[in-house]
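Asks: okay, structure incoming, though there's no sequence with it:
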């Protein structure tokens with residue numbers, strides 16, 4: 001028999017929220033997922049059209065449900081969306097309540113223990129446990145660029161990029177040195193003149209060393225489960241490459257330059273003083289946790305980061321976080337790693353007297 005004591009509110013129904021719901025069911029809890037969009041797929045439907053996973057399908061599953069199909073393929077964005085929706089439907093069939101079109105606006109402490117969660121359009125839910133699983137796509141990081149207020153071209157973040165036709169035929173500077181920056185720049189090179197601008201040289205990691213995908217070696221060596229010391233900001237990671245990206249840089253099909261020093265009118269000023277016309281500055285500069293709805297609770301730092309250790313809030317009993325970069329391991333913010341973090345968290349949040357149960361989507 002369920003009671004209010006076994007309810008856990010999970011804000012966000014993307015990969016992190018779904019993994020948290022699975023772990024909650026394992027612990028005998030009653031998960032209620034609150035998803036602002038119309039689909040239980042998180043930010044995946046909003047990424048650029050050509051996005052493919054950097055991990056093969058066999059290493060890209062949430063707990064209890066294999067991705068399916070050829071395990072060595074690299075799934076497309078839309079395949080991930082379909083997988084997450086299958087996963088959500090299976091969880092719903094086992095008792096998870098998923099409310100789409102439900103945006104959380106604010107959280108405060110409820111009378112006694114627990115949280116009061118206010119919803120857009122009115123309404124409030126309370127529960128003794130709350131999990132933040134809203135990811136970071138809604139909060140793209142836009143570093144300040146000297147001269148940006150006077151720049152006459154377009155400054156676009158990767159969060160708003162969908163396909164090359166948006167900037168075809170224009171002079172584009174892609175700012176960043178990570179996987180998304182390189183993948184987008186490589187794609188755009190067939191449609192525009194593109195330069196990658198970064199503060200440090202791009203570091204590459206072979207996608208398939210010794211004929212096996214690098215994620216095979218991560219699992220074999222235990223790297224993906226390696227506990228990490230606490231870090232306020234995740235370290236930069238190398239770009240996974242089958243060889244095409246380095247070949248493009250060597251051949252001149254794609255150019256990389258040290259980060260420009262400033263913008264001036266319709267120009268970028270490169271180190272050394274060279275000036276060049278630019279139509280578009282495309283920022284592939286990452287994201288920050290989108291947790292503004294927790295601001296009033298006092299659970300965040302001054303710059304909006306969660307006060308937590310290993311996903312467990314350091315300010316509020318019963319509050320947890322899932323899906324943060326480098327939360328516990330290098331794989332924390334990924335399909336292959338978020339399930340372990342969710343299980344770790346839910347074991348700590350489950351109340352005494354509630355018995356864990358076996359469950360499979």
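Replies: Done, it's in. Model, not experiment: these values are computed from the prediction.
Asks: so residue 256 bridges to which residues?
Replies: Beta-bridge pairing for residue 256 (DSSP bridges): residue 196.
Asks: wait, it sits on residue 200?
Replies: No - Residue 256 is not in contact with residue 200 according to C-beta atoms under 8 Å; the separation is 10.6 Å. (C-beta placed from N, C-alpha, C; glycine too.)
Asks: now do the strands in the stretch 101-250 of the chain.
Replies: 104-109, 115-119, 124-127, 129-132, 154-157, 171-175, 193-198, 204-206, 239-241 (DSSP state E, counting those that start in this stretch).
Asks: compute the inter-axis angle for the first one and strand 115-119.
Replies: Using axes from the mean of the first three to the mean of the last three C-alpha atoms, to 10 degrees, one finds that strand 104-109 and strand 115-119 are set 160 degrees apart in direction.
Asks: so for residue 256 and residue 200, which residue has more residues nearby?
Replies: Under the neighbour definition other C-beta atoms under 10 Å, residue 256 and residue 200 were set side by side, and residue 256 has more, 18 against 9.
Asks: for that one, give me its contacts.
Replies: Contact analysis of residue 256 by C-beta atoms under 8 Å, 6 or more residues apart in numbering lists 195, 196, 197, 198, 201, 202, 249.
Asks: next one: residue 141
Replies: Going by C-beta under 8 Å, 6+ apart, residue 141 touches 283, 285, 286, 287, 288.
Asks: closest one to residue 331 out of the contacts of residue 256, please.
Replies: Nearest to residue 331, judged by C-beta to C-beta, of the contacts of residue 256 is residue 202 at 22.0 Å.
Asks: per-residue confidence at the closest one?
Replies: Per-residue confidence (pLDDT) for residue 202: 95.
Asks: and residue 235, by the same measure?
Replies: 61.
Asks: returning to that earlier point: tell me which of the strands of the stretch 101-250 of the chain sits most buried.
Replies: strand 129-132 (a mean of 29; mean count of other C-beta atoms under 10 Å).
Asks: include distance to residue 299 when you put the strands of the stretch 101-250 of the chain into CSV, please.
Replies: As requested, the strands of the stretch 101-250 of the chain are arranged in CSV below (distance: least, C-beta to C-beta, whole Å):
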stretch, distance to residue 299
strand 104-109, 8
strand 115-119, 10
strand 124-127, 15
strand 129-132, 8
strand 154-157, 26
strand 171-175, 31
strand 193-198, 34
strand 204-206, 35
strand 239-241, 34
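Asks: residue 153 - nearest residue in space that isn't next to it in sequence?
Replies: When the adjacent residues along the chain are set aside, residue 153 lies closest to residue 279, with 4.9 Å between them (C-beta to C-beta, 6 or more residues apart in numbering).
Asks: my read is that that neighbour contacts residue 172, right?
Replies: Yes - between residue 279 and residue 172 there is a contact at 6.7 Å, judged by C-beta under 8 Å.
Asks: hmm, back to that, of the contacts of residue 141, closest to residue 295?
Replies: Looking at those and their distance to residue 295, the nearest is residue 288, at 13.5 Å (C-beta to C-beta).
Asks: was I right to think the closest one contacts residue 304?
Replies: Yes - Residue 288 lies in contact with residue 304 (C-beta under 8 Å); the separation is 6.5 Å.
Asks: overlap in contacts, the two.
Replies: Counting by C-beta under 8 Å, 6+ apart, the residues touching both residue 288 and residue 304 are residue 139.
Asks: hang on, the earlier thing: so which of the strands of the stretch 101-250 of the chain gets nearest residue 348?
Replies: Checked against C-beta to C-beta, the stretch from the strands of the stretch 101-250 of the chain lying closest is strand 129-132, at 10.2 Å.
Asks: relative to that closest one, what are the paired strands and their orientations?
Replies: strand 7-11 (parallel), strand 319-321 (parallel).
Asks: contacts for the longest one?
Replies: Right, the one you point to is strand 7-11. Here strand 7-11 has contacts from 17, 20-21, 24, 29-34, 104, 115, 117, 125, 127-134, 293, 346, 349, using C-beta under 8 Å, 6+ apart.
Asks: over to the last one?
Replies: With contact meaning C-beta under 8 Å, 6+ apart, strand 319-321 is reached by 20, 115, 129-133, 289, 297, 299, 306, 308, 311-313, 327, 345-346, 348-349.
Asks: just the buried ones out of those, please.
Replies: 20, 115, 129-133, 289, 297, 299, 306, 308, 311-313, 327, 345-346, 349 (16 or more other C-beta atoms under 10 Å).
Asks: returning to what we had before: let's have the strands paired with strand 129-132 in a markdown table, adding mean neighbour count and mean pLDDT.
Replies: Listed next are the strands paired with strand 129-132 as a markdown table, based on neighbours: other C-beta atoms under 10 Å; pLDDT from 0 to 100:
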| stretch | mean neighbour count | mean pLDDT |
| --- | --- | --- |
| strand 7-11 | 25 | 97 |
| strand 319-321 | 26 | 97 |
